[in-house]
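**Student:** Prediction below, plus the sequence it came from.
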Amino acid sequence: VATVIFTVSVLNLLIAVYSNEYDRKEKQAALLFFKERAGICLRHLMEPLWPRWQKRPEWFWRWWKKLKQPACPETYVQRVVAGTITALVVLATALAELLSCVLVPLVLLVAAMLLLQVASKRCDWQHPRTPENRTHFYLWICSRASFSRSNFEEPSIEDLNRSVEDRSENMNRNLETVQHSVEERIEDLSRSLEDRSENM
């Protein structure tokens, strides 16, 4: 009985609600997609630029040349960051098992996640592996060919006033047409009445 009630009542109700929401959101799918992608790009651009090795500091290069290491400093920094993230995750797991406090492992995991996100960004010294060897990076936001900014912007007061004026003009035009047709009908009726009175 419970299965029948769930299948007939609750499941059909959920399907109806989700179908209605899908039909309503399908018309705004493109706008929601563009907004979400722009929000992701904005959050990525607004994140902090630490650690400062992403800007390729000169003091780090001078210090690295003094050490005369065979590997490039970028590889060394990447290894240090990877080791730090691994150590933070392992330490957070160990503390979560040993301690009853959840706050310290949570802070360590958040620090590891932020460090991983920042280290995953493309740095100034990470040149793309292309034949052109471009040194400038660009952020591209694609849109369809028929894109119009006015379709996604909030209407301004001028646009509202213009739309109100257009609608009032259309209404006046329609009223004039209706008035003219009513006058013609009245004239026809008066003629028909005159003809009947003459015939009588």
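**Tutor:** That came through, no problem. Everything quoted here is computed from the prediction, not taken from an experiment. Residues are numbered from 1 along each chain as shown.

**Student:** Tell me how this structure divides into domains.
**Tutor:** 1-50, 158-199 (the TED database).

**Student:** Give me the mean pLDDT for the longest one.
**Tutor:** Regarding domain 1-50, the rounded mean pLDDT is 75.

**Student:** what's the answer for the shortest one, then?
**Tutor:** Summarised as a single mean, pLDDT over domain 158-199 is 83.

**Student:** can you offset everything so residue one is 27?
**Tutor:** That works, and once the first residue is 27, the last one we named lands at domain 184-225.

**Student:** circling back: in TSV: the domains of the chain, plus mean neighbour count and distance to residue 141.
**Tutor:** For the C-beta atoms, the positions are set from N, CA and C on the backbone; glycine is no exception. Shown next, in TSV, are the domains of the chain (neighbours: other CB atoms under 10 Å; distance: least, CB to CB, whole Å):
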stretch	mean neighbour count	distance to residue 141
domain 27-76	10	9
domain 184-225	10	47
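
**Student:** Ok, which of these comes nearest residue 136?
**Tutor:** domain 27-76 (13.7 Å; CB to CB).

**Student:** ok, how many other residues are close to residue 133?
**Tutor:** 13 (other CB atoms under 10 Å).

**Student:** ok, then the element right after the host helix or strand of it?
**Tutor:** Residue 133 is part of helix 129-145, with elements assigned from DSSP states H and E. Sequence-wise, the next helix or strand downstream of helix 129-145 (DSSP H and E) is helix 183-225.

**Student:** OK, contacts around the residue nearest to residue 121 when sequence neighbours are not counted?
**Tutor:** Once flanking residues are discounted, residue 121 sits nearest to residue 131: 4.8 Å by CB to CB, 6 or more residues apart in numbering. Taking CB atoms under 8 Å, 6 or more residues apart in numbering as the criterion, residue 131 is in contact with 118-119, 121-122, 125.

**Student:** could you redo the last one with a cut-off of 10 Å?
**Tutor:** By CB atoms under 10 Å, 6 or more residues apart in numbering, the residues touching residue 131 are 114-115, 117-125.

**Student:** Now go through the residues you listed and say which are in helices.
**Tutor:** Among the contacts of residue 131, DSSP state H puts 114-115, 117-124 in helices.

**Student:** can you list those in a markdown table and add pLDDT?
**Tutor:** Converted to a markdown table, the ones in helices among the contacts of residue 131 look like this (pLDDT from 0 to 100):
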| residue | pLDDT |
| --- | --- |
| 114 | 90 |
| 115 | 89 |
| 117 | 90 |
| 118 | 88 |
| 119 | 87 |
| 120 | 88 |
| 121 | 87 |
| 122 | 84 |
| 123 | 83 |
| 124 | 84 |
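
**Student:** Filter those down to the buried ones.
**Tutor:** With burial judged by 16 or more other CB atoms under 10 Å, the buried subset of those is 114-115, 118, 121-122.

**Student:** Can you tell me which of those is nearest residue 35?
**Tutor:** Using CB to CB, these come closest to residue 35 at residue 122, 42.4 Å.

**Student:** Would you mind listing the buried residues in the helix holding residue 133?
**Tutor:** Here helix 129-145 shows 131, 134-135, 138, 141, 144-145 as buried, counting by 16+ other CB under 10 Å.
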